[in-house]
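Enquirer: Any chance you could fold what I've pasted below:
(one chain, ligands or ions: 2)
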Amino acid sequence: AVEVSEEVLEALRGASRVVALTGAGMSAESGVPTFRDAQSGLWEQFDPSQLATPEAWRADPPFVWAWYAWRVGLVRSVQPNPGHCALAELADLREVAVVTQNIDDLHERAGSTVLAHVHGSLLDFRCMDCGAPYDGEIEVPTEPVERLDPPTCPECQGDIRPGVVWFGEELPRAAFDDAVAALEALGPGDVCLVVGTSGIVYPAAGLPAVALSAGATVVEVNPQETDVSDMCHLHVRDTAARVLPTLVERVRSG
Ligand code: APR
Ligand code: ZN
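Expert: Ligands and ions are numbered 1, 2, ... in the order given. Alright, predicted model coming up:
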């Protein structure tokens with residue numbers, strides 16, 4: 001069984017508002033590799049600067065596009081895990097805001113309304129040149145391929161890119177401001193769940209501190225210690241898909 005302390009259960013039972021800050025570990029049990037995990041970290045195989053930067057794109061759009069197109073196929077092929085579903089159910093019991101660094105749509109497919117995708121969304125394609133949104137077909141390779149030509153923009157013939165935030169790019173201002181506002185609206189007795197993030201990449205990694213200064217109880221759900229562990233009051237050292245359903249069950253049963 002999953003070990004969840006009475007303190008954590010009391011914190012969630014006593015909360016009226018909950019903000020869930022989620023990272024790649026939230027989707028790990030759906031089969032989506034994390035970035036920096038010891039075992040399967042994606043950034044072990046690829047250097048992020050080779051893939052997730054505007055320079056990498058400008059140097060070789062088909063190389064970068066091939067990787068993201070494969071990831072689109074992966075996300076389409078997996079399902080939300082019990083952790084995603086539990087967060088969606090929690091919204092029936094408490095006022096919940098989901099703020100995610102993840103670019104997948106698994107929270108939405110589990111039934112959550114996501115307040116903010118602070119690193120953008122893989123499925124929001126847009127033109128690299130004129131910025132026009134692109135909702136055309138995306139050719140998804142069935143296995144990782146070296147290069148794949150990105151679609152061209154019907155407006156300006158520019159290259160279509162994934163709507164994700166690359167290193168060195170600005171975060172979507174509205175999303176980040178919404179995330180900060182939700183965290184600042186937390187008060188003593190409310191809870192901020194920090195689920196499946198290593199707390200390494202700023203400014204997103206600074207979000208738990210906003211919950212802390214708002215007076216909320218910050219609870220980390222992560223099998224590992226992270227760079228934000230010391231600003232979390234409570235820690236559940238287990239996985240999202242195991243912990244969150246237990247939490248919601250125990251809150252529901254009162
Ligand atoms: N349940 C909960 N946590 C998990 C699980 C799981 N099943 N599996 C792994 N984790 C934890 C790891 O211990 C790690 O702390 O999830 C965290 C994943 O860390 P990262 O791979 O660094 O993911 P994340 O923190 O979301 O990365 C932030 O970096 O590459 C950029 O833009 C990308 O949004 C991403 C950002
Ligand atoms: Zn265009």
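Enquirer: What is the subsequent helix or strand relative to the worst-scoring helix or strand of the chain on mean pLDDT?
Expert: Lowest by mean pLDDT, DSSP states H and E among the helices and strands of the chain is helix 42-45, with a mean of 70. Under the assignment DSSP states H and E, the closest C-terminal helix or strand after helix 42-45 is helix 48-51.
Enquirer: can you list contacts of the next helix-or-strand element following that following helix?
Expert: Following helix 48-51 in sequence order, the next helix or strand is helix 54-59 (DSSP H and E). Taking C-beta atoms under 8 Å, 6 or more residues apart in numbering as the criterion, the residues outside helix 54-59 that touch it are 49-50, 63-64, 128, 161, 166, 168-169. All C-beta spots, glycine's among them, are computed from the backbone N, C-alpha and C.
Enquirer: how about the helices in this structure?
Expert: 6-14, 25-28, 42-45, 48-51, 54-59, 61-77, 82-90, 106-110, 173-184, 207-214, 240-252 (DSSP state H).
Enquirer: average pLDDT across the first one?
Expert: The average pLDDT within helix 6-14 is 96.
Enquirer: quick one: that helix to helix 82-90, angle?
Expert: Angle, helix 6-14 to helix 82-90, by axes from the mean of the first three to the mean of the last three C-alpha atoms, to 10 degrees: 40 degrees.
Enquirer: Which elements pack onto helix 6-14?
Expert: Under the contact criterion of 3 or more C-beta pairs under 8 Å, 6 or more residues apart in numbering; DSSP states H and E, helix 6-14 touches strand 217-221, strand 234-236, helix 240-252.
Enquirer: To ligand 1, which of these lies closest?
Expert: When the helices and strands packed on helix 6-14 are compared for distance to ligand 1 using C-beta to the nearest ligand atom, the nearest one is helix 240-252, at 3.8 Å.
Enquirer: Okay, buried residues for the closest one please.
Expert: Within helix 240-252, the residues that qualify as buried by neighbour count (16 or more other C-beta atoms under 10 Å) are 240-248, 250-251.
Enquirer: For stretch 96-105, give me every contacting residue.
Expert: 17-24, 26-27, 30, 32, 75, 87, 90, 107, 112-123, 162, 164, 178-179, 182-183, 197, 201, 204, 207.
Enquirer: Can you confirm whether that stretch lies near ligand 1?
Expert: Yes. On the criterion C-beta under 6 Å from any ligand atom, stretch 96-105 is in touch with ligand 1 at Q101.
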